[in-house]
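In: make a model of this:
(chains A and B)
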There are 2 protein chains.
Amino acid sequence: MNSPSCTLDGIRAARARIGPHIHRTPVLSSRTLDDLASARLFFKCENFQRAGVFKARGAYNAVFGLTEAEAGLGVATHSSGNHGAALALAARTRGIPACIVVPKNALRGKIENIRRYGGRIEFCEPTLADREATLARVQGQTGARPVHPFNDPFVIAGQGTAALELMEDHPTLDAIFAPVGGGGLLSGTAVAAKGLKPGIRVFGAEPAGADDAARSLREGKLIAQTNPQTIADGLRTSLGSLTFPLIRRYAEDIITVSDSATIEAMRLVWSVLKIVIEPSSAVAVAAVLQAAPSLKGQCVGVILSGGNAELEHLPWAAGGTAGSAQPEDFMKAAKDHLPAHGIDR
Amino acid sequence: MNSPSCTLDGIRAARARIGPHIHRTPVLSSRTLDDLASARLFFKCENFQRAGVFKARGAYNAVFGLTEAEAGLGVATHSSGNHGAALALAARTRGIPACIVVPKNALRGKIENIRRYGGRIEFCEPTLADREATLARVQGQTGARPVHPFNDPFVIAGQGTAALELMEDHPTLDAIFAPVGGGGLLSGTAVAAKGLKPGIRVFGAEPAGADDAARSLREGKLIAQTNPQTIADGLRTSLGSLTFPLIRRYAEDIITVSDSATIEAMRLVWSVLKIVIEPSSAVAVAAVLQAAPSLKGQCVGVILSGGNAELEHLPWAAGGTAGSAQPEDFMKAAKDHLPAHGIDR
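Out: Below is the predicted model of the structure:
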């Protein structure tokens, strides 16, 4: 927990290390969404990050934080998603090998992303036990450094650079929202934001169907997520031993949202901001709208974590809603979810 | 044709007039797409423009170009789409009335956009004759100034400001692509680009199923579009008496693309650039990829005209393609459309 990486200085060091390799992503805002929330919203667009996701930040920090000797042996991880692709990309940039352990049943698109970035794929059975055994075997054979998707000080510090940039661009923020799965992004965000501005309020946004972070915070101990049920595939993980204490110390609260609120928020962002975000990002937007009564008139930062949505399977298309998405439709939907005083325009 | 508005000076005047009211939209680029085209591509993101479309530029220039006396009587147009919403928004900004004549069968979403921006709607039968008769009646009753969606010097000059900004940001452009329907955007783009840099090549991008601009240029006379067949709903119109001569004089060529190439290009932009563009914008991207052999190593500007896509009716979802869109898939699809030497990586 007290790794020197997981401090504001550690995050600043991360930024210096990864700055030449990643994008300083833009911050978008919209009068329509401001009116909807009765607040000023600033969206940090990590969907425009390399590999389409904030995870490039942590992966680059881990890879470029290795000594020459360590780097020569390469890196490895197990991941069926964004972290594996981001680590492969970071390793290719440094010119070192990356081996990604992937469950046999992973989506073809995710596997191709890893391959496109030059990662070597090692398939395993789709169980945690076999993932870990396969990773241990790879590590034994190659000496590669394992890079955990979130429970790693360099990864946490790397993820914190998104909030660092956002607060440099908008120092007036009163609150900041980030989605929480394993907690790498939220803990990095919290360390950066509280370090720069102790009075800021930091909120995690979590699917109600995978609410281990909310329960862990409430109980004061790490509770593992079993059987997560949510469309937000990036947020099904449990917190880790490094991320939980940081979140407990620095985050104000975890706000849980229903999948239907997440889907509405995703459609709203696509139709108003004209950008593609994945469900995990929409969880943060849904949480802001749900918490709007307590944010009235404030400046609120929102980390849109990634844009790797499956374009062939849009959640609202399945619902068969006719016509274009309109902010008014969302207002109605949002009002159904919210207390009557939820949103004033 | 020789209106002082339709010159580089006219476009600069338009920019001064509308600058305080519209967005200076960002320019995006992507290594993946550069590799695909073997060129450096610069995407001018008018999907982020006010009202979600470049048409705000022309509408603001028309509305803010009126004298006080003219403005007091308001503006009117017939439109079932983006121009009506943009004109309503511009009129509201100046605080003057806007009446939009809309066919009874227009999409609900489009009608709500006009209403949201404060436009008064006058319904008509879905025929050109009744649209024009209804507009004439409105004009007779109110004295409102009619603002044509493209065949108007102030509208053309306003649309040209997108290319002006793009070339200020990237003066090294060798070529520039814009979609062509009525020709307001393409003629404004051509006047701006050739005025700033006479050696630049300006290309129009047109659906093969609504290729009146390509035929008009080939025949040397204005040929009207009858029975257009294309998914690009913004590009079904014929050129106008003002836009055709400008395009004939300044544009290098019109490139026609199939709807299937447009759909592939739209999916590619959504999945790689992580932005929402409408089919009419994707026509320009498809044209660039089709013309890639003649653009090798060049700097190419592309005007992404708008982002008002219908999120419930994605064209590729109907095709039932499984899995995520991958640039490799597109490569394959593009190669099917292209000569064998079409794309080198």
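In: and residue A:104, how many neighbours does it have?
Out: Neighbour count for residue A:104, taken as other Cβ atoms under 10 Å in any protein chain shown: 11. The way it works is simple: take the backbone N, C-alpha and C, and place the C-beta from them, glycine included.
In: helix, strand, or coil at the closest residue to it other than its chain neighbours?
Out: Among residues not flanking residue A:104 along the chain, residue A:123 sits closest, at 5.1 Å (Cβ to Cβ, 6 or more residues apart in numbering or on different chains). Assigned with DSSP: H, G, I helix; E, B strand; the rest coil, residue A:123 falls in the strand class.
In: return the residues in contact with residue A:123.
Out: A:101-104 (Cβ atoms under 8 Å, 6 or more residues apart in numbering or on different chains).
In: and which of these is nearest residue B:73?
Out: Closest approach to residue B:73 among the contacts of residue A:123 (Cβ to Cβ): residue A:102, at 66.3 Å.
In: wait, that closest one sits on residue A:80?
Out: Yes: Residue A:102 lies in contact with residue A:80 (Cβ atoms under 8 Å); the separation is 5.7 Å.
In: find the residues that touch each one of those two.
Out: residue A:110.
In: who's more crowded, these two?
Out: Per other Cβ under 10 Å, whichever of residue A:102 and residue A:80 has more neighbours is residue A:102, with 25 against 21.
In: next, count neighbours for the residue lying closest to residue A:53 once chain neighbours are set aside.
Out: Nearest non-adjacent residue to residue A:53, counting by Cβ to Cβ, 6+ apart: residue A:306, 3.4 Å away. Neighbours of residue A:306 under the rule other Cβ under 10 Å: 30.
In: over to residue A:316?
Out: 16.
In: tell me which element it is part of?
Out: Here residue A:316 sits within helix A:315-319, counting by DSSP states H and E.
In: give me the mean pLDDT for that helix.
Out: Averaged across helix A:315-319, pLDDT comes to 66.
In: could you do stretch A:249-262 as well?
Out: Mean per-residue pLDDT for stretch A:249-262: 98.
In: with just CA atoms, put it into PDB.
Out: What follows is stretch A:249-262, C-alpha atoms only, in PDB (Å, rounded to 0.1, in the frame of the first residue of the first chain):
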ATOM      1  CA  ARG A 249      -8.400   5.900   2.300                       C
ATOM      2  CA  TYR A 250      -9.100   8.400  -0.500                       C
ATOM      3  CA  ALA A 251     -12.500   7.700  -2.100                       C
ATOM      4  CA  GLU A 252     -15.600   9.500  -0.800                       C
ATOM      5  CA  ASP A 253     -18.000   6.700  -1.800                       C
ATOM      6  CA  ILE A 254     -18.900   4.000  -4.400                       C
ATOM      7  CA  ILE A 255     -22.100   4.600  -6.300                       C
ATOM      8  CA  THR A 256     -23.800   1.600  -7.800                       C
ATOM      9  CA  VAL A 257     -25.900   1.800 -10.900                       C
ATOM     10  CA  SER A 258     -28.200  -0.600 -12.700                       C
ATOM     11  CA  ASP A 259     -27.300  -2.000 -16.100                       C
ATOM     12  CA  SER A 260     -30.300  -0.300 -17.600                       C
ATOM     13  CA  ALA A 261     -29.000   3.100 -16.400                       C
ATOM     14  CA  THR A 262     -25.600   2.200 -17.800                       C
END
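In: relative to chain B, how far out is the one residue sitting closest to the centre of chain A?
Out: Ranked by distance to the mean C-alpha position of chain A (Cα atoms, centre = their mean), the top residue is residue A:305 at 4.4 Å. According to Cβ to the nearest Cβ, to the nearest Å, residue A:305 stands 12 Å off from chain B.
In: check residue A:197 too.
Out: Using Cβ to the nearest Cβ, residue A:197 is found at 27 Å from chain B.
In: count of residues packed around that residue?
Out: Number of residues near residue A:197 (other Cβ under 10 Å) recorded here: 15.
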